[in-house]
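Participant: Requesting a structural model of the entry that follows:
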Amino acid sequence: MLSQVQLAVAIGGDGAMLRAARACAPFGVPVLGVNMGQLGFLTEVRAPERWPDYERQLLAGTFWVEQRMMISAQVLREGTVRAQAEALNDIVVSGEVVGRMIQLETHIDGHWTTTYNADALVIATATGSTAYALACGGPILPPELKNILVVPAAPHLSMDRPMVLSEGATVEVLPSSANRTTLAITADGAFVVELLPGDRVRVQASQHVSQFVRMRERNYFYRSLLDRFEPRVQRGAANPE
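Facilitator: Numbers count the residues shown, from 1 in each chain. Predicted coordinates for the structure are as follows:
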């Protein structure tokens with residue numbers, strides 16, 4: 001059905017946008033988001049009551065399509081793919097018991113990098129850099145970047161700095177046999193599979209790309225971001241000397 005769709009409209013918040021993006025990306029269908037939630041950072045239509053105005057813009061073709069990289073994850077068990085998922089925001093490896101530290105051996109492009117002692121490990125896209133990764137102290141990446149971001153959550157006595165990887169990098173995570181809690185992997189917050197000792201999680205850029213319909217200026221991202229971080233700062237206000 002989606003293969004015959006020219007444009008999808010996602011009504012809701014960022015969760016609706018993430019679900020629509022994952023569903024539409026394999027078919028190359030762009031998504032227009034209508035914010036009916038609280039944050040709506042990914043949505044374009046922020047005032048649903050003005051829908052007729054947006055509809056006229058759509059029909060007139062006065063919009064542009066933004067492309068955003070996605071990531072894919074495979075869980076390998078004894079050499080076979082046990083589960084796989086795609087995400088627009090992030091892939092997260094964590095313990096099922098909140099607050100219990102886990103150990104995750106991490107490799108980049110086939111080479112051992114570090115072993116994290118943390119609550120979780122967030123592997124994010126540029127889009128996901130403003131979500132869970134940001135809450136863990138990660139940097140903000142502009143959405144057009146195609147880099148993978150690796151950020152530990154609450155690290156202890158291990159690498160505590162986020163890493164921005166080069167384009168095309170592959171991340172592999174191996175749960176340590178010393179873990180005393182069950183581990184799980186989630187994609188954009190949705191449960192994928194429980195991890196067992198010996199499993200290997202492989203994350204890399206997806207062959208699919210999310211497409212969002214935009215009607216604002218192409219540099220909208222920074223203004224939109226700052227409006228949320230500094231809602232009381234008036235646009236165009238003079239800078240203090």
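Participant: domain parsing for the chain?
Facilitator: Structurally, the chain divides into domains by automatic domain parsing as follows: 2-68+208-229, 70-207.
Participant: Around Met163, how many other residues sit close by?
Facilitator: Using other CB atoms under 10 Å, the number of residues around Met163 comes to 19. Where C-beta positions appear, they are placed from N, C-alpha and C, glycine not excepted.
Participant: Got the phi and psi for the nearest residue to Ala25 once chain neighbours are set aside?
Facilitator: Spatial nearest neighbour of Ala25, chain neighbours left out: His208 (4.0 Å); criterion: CB to CB, 6 or more residues apart in numbering. When quoted as degrees, to the nearest 10, the phi and psi of His208 stand at phi -100, psi 150.
Participant: Go ahead and confirm His208 touches Pro26.
Facilitator: Yes - the pair His208 / Pro26 is scored as a contact, 5.3 Å apart, by CB atoms under 8 Å.
Participant: Who has more neighbours out of these two?
Facilitator: Taking neighbours as other CB under 10 Å, His208 and Pro26 compare with His208 leading, 19 against 14.
Participant: what's the distance between the more buried one and Leu195?
Facilitator: Distance, His208 to Leu195, using CB to CB, to the nearest Å: 24 Å.
Participant: just the domains of the chain: most buried one?
Facilitator: domain 70-207 (a mean of 18; mean count of other CB atoms under 10 Å).
Participant: What is the end-to-end distance of that one?
Facilitator: Its start and end residues considered, domain 70-207 measures 8 Å (CA to CA, to the nearest Å).
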